[in-house]
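Peer 1: fold the following for me, if possible:
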Amino acid sequence: NQFRVRFPSVCALTICGSPVGPYLKTGFKPNKLLWINGDPRSMPSVKWPGNYTPTGVARKAAEAAGCVAPLFSLKDKVTETHAASFGALIDGVFVSRFDHHALASITRDSLVQLCHDKGIKVESQELRQRDLTLATEMMAVGTAAGIQPIDTIRRSALKRSGLIEVSDLHTPFVIKGQAG
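Peer 2: The predicted model follows:
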C-alpha cells in the first residue's frame, strides 16, 4: 500500500463575502482613542474570539469618554487597540510594535510591504506617549479594521466618581488641517 499525492486535474475556488461596513462606528474618518494602562497578564499574544470579551469594559470606558475605542499601554508603552495593531508615522518612518504584545495582521503586513515598496522606512519599536507627540499620522491597523486613521489620543485620570482630568493628544496634521 502506497499513498500518493498528485496535482488535481480540476479544482474549485469558492469565495464567500459578507458586507461588514466600517469596523468602527464612526466609519472611515479620523477617530479618537482612550489611553488605558493595562495589566501585562491581560495582553494575550494570540487573538481568538474569547480574548475580545475582556476588552468590553475598556470599550465601554472609551465610549463614555467620547472615544471610539481603547488604546492599551503597558508601563507607558503602546500595545494595541481592543482589536487592532497601532502604528504611527514619525519623521517619515512607519513605527509599530512587532513583538508578542502586538496583534499580527495581514493588513499590517501589507502596509509594511507598501511602505517598503514606496521607500518608506519601517521600524519595530515600542511607542511611548512622548513619541506620539511627534507623530504626523496615527492609525489602528487590523485584518477586520483595515487602516483606521486616529487623530486624537485622550488621556484621562479616572476616579470612582468619574473623569477628573482629561487631556488630548492630537496629530499635527489634524490641527493644521493638512492631509497626511
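
Peer 1: just checking, Val93 touches Ser124?
Peer 2: No. Using C-beta atoms under 8 Å, Val93 is not in contact with Ser124, being 10.9 Å away. Every C-beta, even on glycine, is put in place using the N, C-alpha and C of the backbone.

Peer 1: which residues of the chain fall in helices?
Peer 2: 49-52, 56-64, 106-117, 129-132, 172-176 (DSSP state H).

Peer 1: got the contact list for Ala62?
Peer 2: 33-34, 36, 68-70 (C-beta atoms under 8 Å, 6 or more residues apart in numbering).

Peer 1: if you could redo that for Arg108, that was the one I meant.
Peer 2: Counting by C-beta under 8 Å, 6+ apart, Arg108 makes contact with 85, 87, 96, 141-142.

Peer 1: widest-spaced pair of those residues?
Peer 2: Using C-beta to C-beta, the two most remote members of the contacts of Arg108 are Ser96 and Gly142, lying 11.6 Å apart.

Peer 1: got any residues that touch both of these two?
Peer 2: By the contact definition C-beta under 8 Å, 6+ apart, Ser96 and Gly142 are jointly contacted by 85, 108.

Peer 1: tell me the bridge partners for Leu33.
Peer 2: Counting by DSSP bridges, Leu33 forms beta bridges with Ala69, Ile153.

Peer 1: is it in contact with Ser73, as I believe?
Peer 2: No. Leu33 lies out of contact with Ser73 (C-beta under 8 Å); the separation is 10.7 Å.

Peer 1: of the contacts of Arg108, which belong to strands?
Peer 2: 85, 87, 96, 141-142 (DSSP state E).
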